[in-house]
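*Asks:* Fold the stuff below for me.
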Amino acid sequence: MFDSLSSKLGAVFQKLSNRGRLTDKDIDEALKEVRVALLEADVNFKVAREFVAKVKERCMGSEVLQGLNPGQQVVKIVNNVLTEVLDAGDHALHHGTESPAVLMLVGLQGSGKTTTAAKLALQLSSGPSQKTMMVAADLRRPAAVDQLKALGAQLDLPVYSEDPASTTVLKVAKNGIAEAKKQGCPWVIIDTGGRLQIDDELMGELTDLKNAIKPQEAILVVDAMTGQEAVNAAGEFNERVGLTGLILSKMDGDARGGAALSITSVTGVPIKFMGVGEKNDALEPFYPDRLASRILGMGDVLTLIEKAQDVIDVETAQEMERKLRKATFDLQDFLDQLRAVQKMGPLGQVLEMIPGMKNRMGDQQLDEGRIKGVEAIVLSMTPRERREPDVLNASRRRRIAKGSGTSVQEVNQLLNQFRQMQKMMKQFAGGKMRGLAGLGKMMRQ
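*Replies:* This is a model prediction of the structure:
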């Protein structure tokens, strides 16, 4: 996410950090580059102009211009203003006093609304007896009902549907809410119909439905990759229907970030979630301060910890800590940790959450396909070879290469990198923070 914008802003701040003191001219030149970077990222021009004006106003204080670390102070100011731009009130979902709470999803066709409904239902379900029900109220798009039913079956979540030929949107929505109440579901998500473009018929249908079912939340799903088109659509939906929140889908494919940085400022509607991948769990709650830090290459430790807690239990973490401290980390442990990291999401996104790692990686792209090759190599080893890599002589390496469908050179490369990592772990265990450089080097390799 935001790769292009992050790299350009990083270059601007690097120039500032190389100067001991800053002048008015230095700040003016830097902010011109920031403004250009924002416009190239497809940020609304008014938002970009106001952003630069706010940063400039706060940077002109003598404590910044004459400070010991002026470059760092400018980055802090930019981070604060960026957080303000992304913020717009309450970003949480609210259940209300009645159950089930009704959440109405709206959006244009192609925005990922139906798949987002399933992802959101999974997040809101808190156990076998607290499942969120989805209601297939998109009766216009061919196969929309079948798609939602298939997603529900995949996630083991209830879906209410009726024959599109013999029902209406209002009828299926009301009946779905009644069924959710009967089954004791805490939430019910209404997946409404969309269009290829905004029209009066679509807006009239959604407005009538909202007035009839009175949802606790009316949320628009917009495709982040469409940039300012997403912003325009959000403004129109909010004016005609009335929104309580937004979900930005396909954020993992949005290298520019114009929609995310503009949509809240233009519409005044808060972003509630971000879709960050195709998997069913690839939906993240939206936190303005965390996203601002990620855009500026400062990482997102809190989200990283939350993702890790979801895939690694306490006992496993404690055992791993013991092995790291005693430097007994072996290839089987390496494989287990690699698989755990994969469960946390695309490796590139995970690394972006580590403070400073995005800057260390530079423009280098991670080859996710190589991860499978690494897995194949380790799985082709015997249990003893995984525990004791030193026994891997030339003949064993040839056997492993043949069994994993790789080359001896690739096997040797993995073993060399593993030894570097072991050495780095020993440095960490000894409290030597220079191990961070080794971590960055290994990740680049």
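
*Asks:* Kindly format the C-alpha coordinates of stretch 164-172 as PDB.
*Replies:* Taking Å, rounded to 0.1, in the frame of the first residue of the first chain, the C-alpha atoms of stretch 164-172 are listed here in PDB:
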ATOM      1  CA  PRO A 164     -35.200 -13.300  -6.800                       C
ATOM      2  CA  ALA A 165     -38.100 -13.900  -9.200                       C
ATOM      3  CA  SER A 166     -40.700 -14.100  -6.400                       C
ATOM      4  CA  THR A 167     -39.700 -11.500  -3.800                       C
ATOM      5  CA  THR A 168     -38.600  -7.900  -3.400                       C
ATOM      6  CA  VAL A 169     -35.600  -6.200  -1.900                       C
ATOM      7  CA  LEU A 170     -37.700  -4.800   1.100                       C
ATOM      8  CA  LYS A 171     -39.400  -8.200   1.700                       C
ATOM      9  CA  VAL A 172     -36.200 -10.200   1.700                       C
END
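
*Asks:* Now do that stretch, average pLDDT.
*Replies:* Mean per-residue pLDDT for stretch 164-172: 93.

*Asks:* so how far is it off the chain centroid?
*Replies:* 35 Å (CA atoms, centre = their mean, to the nearest Å).

*Asks:* Next, the buried residues of it.
*Replies:* 164, 169, 172 (16 or more other CB atoms under 10 Å). The C-beta positions use only the backbone N, C-alpha and C, and glycine is treated the same way.

*Asks:* Distance of the last one relative to Leu139?
*Replies:* With the distance defined as CB to CB, to the nearest Å, Val172 ends up 7 Å from Leu139.

*Asks:* Please apply the same query to the first one.
*Replies:* Taking CB to CB as the measure, Pro164 and Leu139 are separated by 4 Å.

*Asks:* tell me how far the top helix by length along the chain is from the chain's mean position?
*Replies:* The residue-count maximum for a helix in the chain (DSSP state H) belongs to helix 408-429. With CA atoms, centre = their mean as the basis, helix 408-429 stands 30 Å off its chain's centre.

*Asks:* next one: stretch 4-17
*Replies:* 22 Å.

*Asks:* Please export the alpha-carbon coordinates of it; PDB is fine.
*Replies:* Extracted in PDB, the C-alpha atoms of stretch 4-17 (Å, rounded to 0.1, in the frame of the first residue of the first chain):
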ATOM      1  CA  SER A   4       4.900   5.300  -4.500                       C
ATOM      2  CA  LEU A   5       3.800   8.000  -2.000                       C
ATOM      3  CA  SER A   6       5.800   6.500   0.800                       C
ATOM      4  CA  SER A   7       9.100   6.400  -1.200                       C
ATOM      5  CA  LYS A   8       8.600  10.000  -2.400                       C
ATOM      6  CA  LEU A   9       7.900  11.300   1.000                       C
ATOM      7  CA  GLY A  10      10.800   9.300   2.400                       C
ATOM      8  CA  ALA A  11      13.100  11.000  -0.100                       C
ATOM      9  CA  VAL A  12      12.000  14.400   1.000                       C
ATOM     10  CA  PHE A  13      12.400  13.700   4.700                       C
ATOM     11  CA  GLN A  14      15.900  12.200   4.000                       C
ATOM     12  CA  LYS A  15      17.000  15.500   2.500                       C
ATOM     13  CA  LEU A  16      15.800  17.400   5.500                       C
ATOM     14  CA  SER A  17      17.400  15.000   8.000                       C
END
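
*Asks:* where in the stretch 1-150 of the chain is pLDDT low?
*Replies:* Counting by pLDDT under 70, the ranges of the stretch 1-150 of the chain that qualify are 1, 19-20, 61-71.

*Asks:* Strands along that one, start to end?
*Replies:* Using DSSP state E, counting those that start in this stretch, the strands found in the stretch 1-150 of the chain span residues 101-106, 133-137.

*Asks:* Test of understanding: give the bridge partners of the closest residue in space to Gly275 that isn't next to it in sequence.
*Replies:* Spatial nearest neighbour of Gly275, excluding adjacent residues (CB to CB, 6 or more residues apart in numbering): Ser249 at 3.9 Å. With DSSP bridges as the criterion, Ser249 is bridged to Asp223.

*Asks:* Surely Ser249 and Gly110 touch.
*Replies:* No: applying CB atoms under 8 Å as the test, Ser249 and Gly110 come out as separate, 9.7 Å apart.

*Asks:* Between the two, which contacts overlap?
*Replies:* Common neighbours of Ser249 and Gly110 (criterion: CB atoms under 8 Å, 6 or more residues apart in numbering): Asp223.

*Asks:* more crowded one of these two?
*Replies:* Applying other CB atoms under 10 Å to Ser249 and Gly110 shows that Ser249 carries more neighbours, namely 27 against 12.

*Asks:* Could you chop this protein up by domain?
*Replies:* If you go by automatic domain parsing, the domain ranges for the chain are 3-86, 101-295, 303-444.

*Asks:* right, so of these, which gets closest to Leu93?
*Replies:* Nearest to Leu93 among the domains of the chain is domain 101-295; the distance by CB to CB comes to 5.9 Å.

*Asks:* Pull up the distance across that closest one, start to finish.
*Replies:* 34 Å (CA to CA, to the nearest Å).

*Asks:* And for stretch 172-191?
*Replies:* One end of stretch 172-191 to the other measures 11 Å (CA to CA).

*Asks:* Can you show me the strands along the stretch 251-400 of the chain?
*Replies:* So, for the stretch 251-400 of the chain - with DSSP E, counting those that start in this stretch - the strands run 271-275, 283-285.

*Asks:* Would you mind finding the most buried of those strands?
*Replies:* Of the strands of the stretch 251-400 of the chain, the one with the most neighbours on average (mean count of other CB atoms under 10 Å) is strand 271-275, at a mean of 24.
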